[in-house]
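1. Got a sequence here, can you build the structure:
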Amino acid sequence: MSLPKRPDNGGKSGRLVTVQANIFPVTDLSDVNVYQYDVIMNPELSADKARRVFRQAEAIIQKTNRHAWFVFDGLKIAFSTTDLEDQTHKIYVENNVDVAIPSMQPTGSQGHSGRSYGDRGGRESSSGGFSLNLTPVTILTEKTCLGPFQTVTFNMRKSATINLHELLVYSRGRMEETDNILHATTALSVVLRHIPSMLFTPVGSNFFTPEGRSSVSGGLEVWRGYHQSVKAMMAGHLGINIDIASTVFRKGNISVIDYILESLGGRVPEDISRYSTNTLSKLLKGVNVVTTHRGDQKQRFKIAKIGAFTANTLKFEDKNQRKISVAEYFQTEYRLKLRYPNMPLAMKANGKTAFPIEFLKIVPAQRFRDKLDGNQTSDMIRATIQKPKERKTQILNAVRNLRYAENPYMNSFGLKVSKEMMDVKARVLAAPKVVFKNQRSASGSDGSWNLRGLKLVNSPALKSFGFIFFVRVTSIEANTIRDVILRKWADAGMNIQNYKCPVIVANPSEVGNVSGALKTMFLECQSETKQRCQLIVCIIDKEPKSVYENIKRTSLLHAGVITQCMQSKHVIRANQIKDQYIVNVAMKANIKIGGTTNFVDRLPLSNKPTMYMGADVTHPAPGSAAPSIAAVVASTDADATIYNTYVNAQLTRMEIIDGLEAIVERAFKDYRMVNGNTADQIIFFRDGVSSGQFEQVIRLEVGAVLKAIEKAKWKCKLTFIVVQKRHHIRLFPTDQNADRSGNCLPGTVIDTQITHPTQFNFILQSHAGIQGMSRPTIYHVLYDSIKMTSDECQQLCYNLCLLAGRATRTISMVAPAYRAHLAAYFSRMFVDLDDSVSEGKGDVKRIGFSPVLSGIENTMYYM
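-> Residues are numbered from 1 along each chain as shown. Just a heads-up that it's a prediction; the model follows:
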């Protein structure tokens with residue numbers, strides 16, 4: 001099943017503009033063969049040490065062939081334009097653990113004895129930032145190694161020949177993508193990354209430096225860096241996508257004790273005794289540490305867990321077969337008296353060796369892979385936010401500092417790159433009108449609108465509901481706050497039928513009080529109105545977050561009632577409640593009970609009954625044994641505003657949606673039940689899929705939808721579109737075509753020059769910037785029996801971005817994908833699996849996930 005070709009020469013609708021993209025044209029590339037080599041090192045080494053070994057091997061090869069330049073991916077593959085016989089060399093590499101530590105040294109400094117292995121902190125350039133200079137490598141011998149060393153057998157064998165000519169032809173749109181083209185693109189990507197990966201800390205296509213790092217709460221810090229990748233484009237030449245990148249690392253070069261205190265909020269080492277071994281294990285499992293008790297004789301290992309024993313209580317037989325504690329061993333063997341002998345010990349992965357944490361230091365350059373909490377996320381945003389002009393300047397500085405023209409590896413491939421960003425032709429699509437009650441409308445052209453004087457287009461009668469205050473207020477205050485909220489909700493267009501609904505004031509700190517209060521309110525509403533409770537409004541404090549999760553789990557999994565939480569700081573003073581906040585909450589609550597905020601005055605292709613579907617899969621943190629959560633939404637109305645929701649748990653980190661055929665069959669039945677007929681067309685938006693997964697998605701997910709259509713005997717057509725947000729393309733406005741934040745205007749679309757050479761995709765920046773740099777969305781059509789034109793597909797996607805429902809702004813992706821993303825992310829709190837200190841990776845079974853009760857499972861309870 002091949003991907004659809006672009007149906008025409010691109011869209012014509014909209015106002016023509018020119019923007020700049022952070023893609024730098026490849027001005028030259030040698031039309032030569034590239035040779036791929038398999039690299040085997042015995043024994044296997046860490047990526048950092050493997051790169052040092054590779055540099056020495058390259059230097060040995062260059063003694064007899066000085067024009068032989070090799071690039072290495074850090075794992076097992078090397079590329080070169082030089083055709084060589086098999087290579088086998090004995091390499092000596094020092095074990096000094098400090099060589100991988102990012103340095104904050106001044107420009108030009110080197111490692112010990114003047115030898116440099118590639119300072120992972122990089123070096124500052126004269127223009128600020130960094131430069132990429134590899135110092136000459138020293139070929140080590142047994143006699144010249146400083147300290148302990150390792151002998152490595154280096155083998156390199158030619159495994160493939162790659163023709164760059166095909167890649168050049170493909171970039172001009174004259175042939176289909178082949179395995180050779182994919183391999184050629186990989187080779188050029190490794191060429192770009194080779195020197196940066198020797199000098200900095202590489203993470204995929206990005207590389208990072210601690211220069212200018214920023215602290216994040218919880219023992220973390222934000223490192224900055226750059227992204228580089230090769231793009232084949234419609235422009236007829238290759239391009240290099242260069243962007244600013246940021247990610248979070250653990251603080252390094254600090255003691256484990258200090259790291260624990262900073263991460264968990266302790267003040268003095270004695271505070272560590274307050275934390276359970278389970279808590280400490282969750283914090284330190286998988287963290288690389290280095291010993292400090294023997295000066296230069298350092299040992300590096302990965303912590304498996306924190307044991308229950310202390311240095312005083314854990315005993316073993318020493319070399320004299322005497323029972324001795326760990327504390328006694330350090331006293332007799334190293335003449336070191338432990339300051340904290342009652343602290344728990346760090347266990348190595350072998351499960352047999354324990355070590356006092358006071359003699360351990362965190363190894364730097366360790367990327368933090370767990371989920372950030374709310375405060376850490378805020379710190380990260382503050383540290384990385386950039387206005388478009390600032391980001392553009394940094395990218396251009398990076399291109400100068402990367403000094404492509406002086407890179408011997410790029411020169412060996414004949415790879416030359418322009419220093420200027422591409423000017424790209426774009427169009428600004430006309431925004432539809434945003435329609436509210438009584439056909440009153442607002443303009444969506446600015447990417448935002450105000451509800452002043454407008455009302456929600458549709459709101460079910462809200463009669464059976466109540467308020468619970470999980471904060472300290474009097475009954476009189478609670479009733480006054482309720483009255484103000486309901487009056488403002490009614491002003492926004494909600495259909496309030498019971499202005500004196502019941503109010504409960506509860507204390508969430510009392511055991512069982514949350515579930516007890518919810519149950520009491522549920523029964524009271526039913527008793528008072530003689531109908532099922534529709535909504536419970538909960539007033540809560542921001543912390544602890546466990547109260548919010550307890551409310552959601554209890555109401556959705558056990559009571560089968562929808563809740564709307566509000567932070568107390570916004571409503572605790574009735575005379576200071578802001579209209580904008582209450583209107584925003586009203587939109588969310590109204591959607592949850594089946595209402596609609598707004599629709600748009602036109603949706604392309606809506607002349608036929610259409611079902612809009614969205615799907616996404618959210619995954620647990622790396623190393624977690626929790627399942628992945630798949631969410632699918634399907635519209636039931638012609639305006640694409642009301643959706644049924646289907647959520648399932650599946651094997652951990654599995655991206656392909658399991659059981660999609662059955663989900664689509666359920667969606668068909670629900671659509672028919674509401675509309676009394678079948679849809680003539682299905683437009684399916686799939687979020688979160690990378691380009692490398694397209695073939696699998698077409699085969700398994702598109703195939704599943706087609707099977708469901710056939711099984712249901714629906715005579716309908718299907719268009720399946722992938723929605724991609726995880727990319728590094730950024731658009732910069734020129735002239736006056738910018739919004740107030742300095743970003744491109746909402747509705748800016750590109751379907752030429754930097755898009756795929758032949759396939760049906762486009763780049764759409766649908767939303768207005770709020771702060772910082774906006775990220776456009778790439779839409780890639782994987783299947784299209786509807787046979788959309790470029791204009792139809794682009795305008796449809798843009799118009800669907802004005803149907804967020806819970807905001808008065810255009811969103812960055814189509815509403816069906818947006819809702820599926822929210823549903824999948826929200827449903828993570830329904831995972832029951834305790835993966836706190838899982839010893840291994842573990843297989844995840846279809847357990848540990850509690851589905852929402854049937855009475856509300858198809859509502860948009862997650863909005």
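2. Could you use CA atoms for every contact and neighbour count after this?
-> Noted.
3. give me the element residue 550 is part of.
-> Counting by DSSP states H and E, the element that carries residue 550 is helix 545-553.
4. hang on, isn't residue 287 packed against residue 303?
-> Yes. Residue 287 is in contact with residue 303 according to C-alpha atoms under 8 Å; the separation is 5.6 Å.
5. quick revisit: in the helix or strand following the helix holding residue 550, what's buried?
-> Beyond helix 545-553 in the direction of the C-terminus, DSSP H and E gives the next helix or strand as strand 562-567. Neighbour counts over strand 562-567 (16 or more other C-alpha atoms under 10 Å) mark 562, 563, 564, 565, 566 as buried.
6. Which single one of these is nearest to residue 369?
-> residue 565 (29.7 Å; C-alpha to C-alpha).
7. Going by residue numbers, what spans are strands in the stretch 1-150 of the chain?
-> 15-21, 23-28, 33-42, 71-72, 77-80, 87-94, 149-163 (DSSP state E, counting those that start in this stretch).
8. quick revisit: which elements pack onto the helix holding residue 550?
-> helix 513-529, strand 562-567 (3 or more C-alpha pairs under 8 Å, 6 or more residues apart in numbering; DSSP states H and E).
9. Out of those, which is the most enclosed?
-> strand 562-567 (a mean of 20; mean count of other C-alpha atoms under 10 Å).
10. Excluding chain neighbours, give the residue nearest to residue 162 in space.
-> Excluding its sequence neighbours, the residue lying closest to residue 162 (C-alpha to C-alpha, 6 or more residues apart in numbering) is residue 34, at 4.9 Å.
11. wait, doesn't that neighbour sit right on residue 164?
-> Yes. Using C-alpha under 8 Å, residue 34 is in contact with residue 164, at 7.1 Å.
12. List the residues that are in contact with both of these two.
-> residue 184 (C-alpha atoms under 8 Å, 6 or more residues apart in numbering).
13. Extract the residue ranges of the protein that are flagged as low pLDDT.
-> 1, 96-132, 511-512, 833-847 (pLDDT under 70).
14. Nearest to the middle of the protein, which residue? Look it up for me.
-> residue 726 (7.2 Å; C-alpha atoms, centre = their mean).
15. how far away is that residue from residue 201?
-> 21 Å (C-alpha to C-alpha, to the nearest Å).
16. Next: residue 647.
-> For residue 647, the distance to residue 201 - C-alpha to C-alpha - is 38 Å.
17. Contact partners for residue 455?
-> 436, 437, 491, 492, 493.
18. circling back to that earlier point, so which of the strands of the stretch 1-150 of the chain comes closest to residue 677?
-> strand 15-21 (39.0 Å).
19. Sheet partners, orientation included, of the closest one?
-> strand 422-428 (antiparallel), strand 731-733 (antiparallel) (DSSP bridges).
20. What are the buried residues along the shortest one?
-> When neighbours are counted by 16+ other C-alpha under 10 Å, the buried residues of strand 731-733 are found to be 731, 732, 733.
21. Who does the first one form a beta bridge with?
-> Yep, that's residue 731 we're talking about. Going by DSSP bridges, residue 731 forms beta bridges with residue 21.
22. Would you confirm that it contacts residue 744?
-> Yes. Counting by C-alpha under 8 Å, residue 731 does reach residue 744; the two are 6.8 Å apart.
23. so what sits against both of the two?
-> residue 19.
24. And residue 647 and residue 201? Which one has more around it.
-> More neighbours surround residue 201 than the other of residue 647 and residue 201, with 26 against 22 (other C-alpha atoms under 10 Å).
25. Next up, the contacts around residue 248.
-> Applying C-alpha under 8 Å, 6+ apart, the residues near residue 248 are 220, 221, 222, 223, 367, 368, 369.
26. nearest spatial neighbour of it, skipping sequence neighbours?
-> residue 222 (4.6 Å).
27. Might you report the residue contacts of that neighbour?
-> Applying C-alpha under 8 Å, 6+ apart, the residues near residue 222 are 213, 214, 215, 216, 246, 247, 248, 249, 380, 383.
28. hey, what's the fifth one bridged with?
-> In other words, residue 246. Going by DSSP bridges, residue 246 forms beta bridges with residue 224.
29. how far away is the closest residue to residue 177 other than its chain neighbours from residue 762?
-> Distance criterion C-alpha to C-alpha, 6+ apart; nearest residue to residue 177, sequence neighbours excluded, is residue 170 at 6.8 Å. Distance from residue 170 to residue 762, counting by C-alpha to C-alpha: 18 Å.
30. Could you do residue 629 as well?
-> Distance from residue 629 to residue 762, by C-alpha to C-alpha: 28 Å.
31. before we move on, the earlier item: now the helices and strands packed on helix 545-553 in JSON lines, please, with extra columns for distance to residue 788.
-> Shown next, in JSON lines, are the helices and strands packed on helix 545-553 (distance: least, C-alpha to C-alpha, whole Å):
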{"stretch": "helix 513-529", "distance to residue 788": "48"}
{"stretch": "strand 562-567", "distance to residue 788": "39"}
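32. Residue 477 is nearest to which of these?
-> Here strand 562-567 is closest among the helices and strands packed on helix 545-553 (C-alpha to C-alpha), at 15.6 Å.
33. other SSEs contacting that closest one?
-> Packed next to strand 562-567, using 3+ C-alpha pairs under 8 Å, 6+ apart, are strand 535-540, helix 545-553, helix 579-592.
34. out of these, deepest packed?
-> When the helices and strands packed on strand 562-567 are compared using mean count of other C-alpha under 10 Å, strand 535-540 is most buried, at a mean of 23.
35. Which neighbours in the sheet does that strand have, and how are they oriented?
-> Strand 535-540 is paired, per DSSP bridges, with strand 465-469 (parallel), strand 562-567 (parallel).
36. export these to CSV and tack on distance to residue 79?
-> Output for these, formatted as CSV (distance: least, C-alpha to C-alpha, whole Å):
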stretch, distance to residue 79
strand 465-469, 65
strand 562-567, 56
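37. out of those, which comes closest to residue 522?
-> So among the strands paired with strand 535-540, strand 465-469 is nearest, using C-alpha to C-alpha, at 8.0 Å.
38. Can you spell out which helices and strands pack onto the next helix-or-strand element following the closest one?
-> Going down the chain from strand 465-469, the next helix or strand is helix 475-492, by DSSP H and E. Packing contacts for helix 475-492, counted by 3+ C-alpha pairs under 8 Å, 6+ apart, involve strand 495-496, strand 503-505, helix 579-592.
39. Now render these as a markdown table, adding distance to residue 337.
-> Converted to a markdown table, those look like this (distance: least, C-alpha to C-alpha, whole Å):
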| stretch | distance to residue 337 |
| --- | --- |
| strand 495-496 | 72 |
| strand 503-505 | 56 |
| helix 579-592 | 59 |
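40. can you tell which of these is closest to residue 66?
-> helix 579-592 (67.0 Å).
41. Can you give the contact residues for the closest one?
-> Contacts of helix 579-592 (C-alpha under 8 Å, 6+ apart): 456, 459-460, 485, 488-489, 492, 494, 562, 564, 566, 570, 596-597, 805-807, 859-863.
42. can you pull out the strands in the stretch 601-750 of the chain?
-> 610-618, 628-635, 643-650, 681-687, 717-724, 731-733, 748-750.
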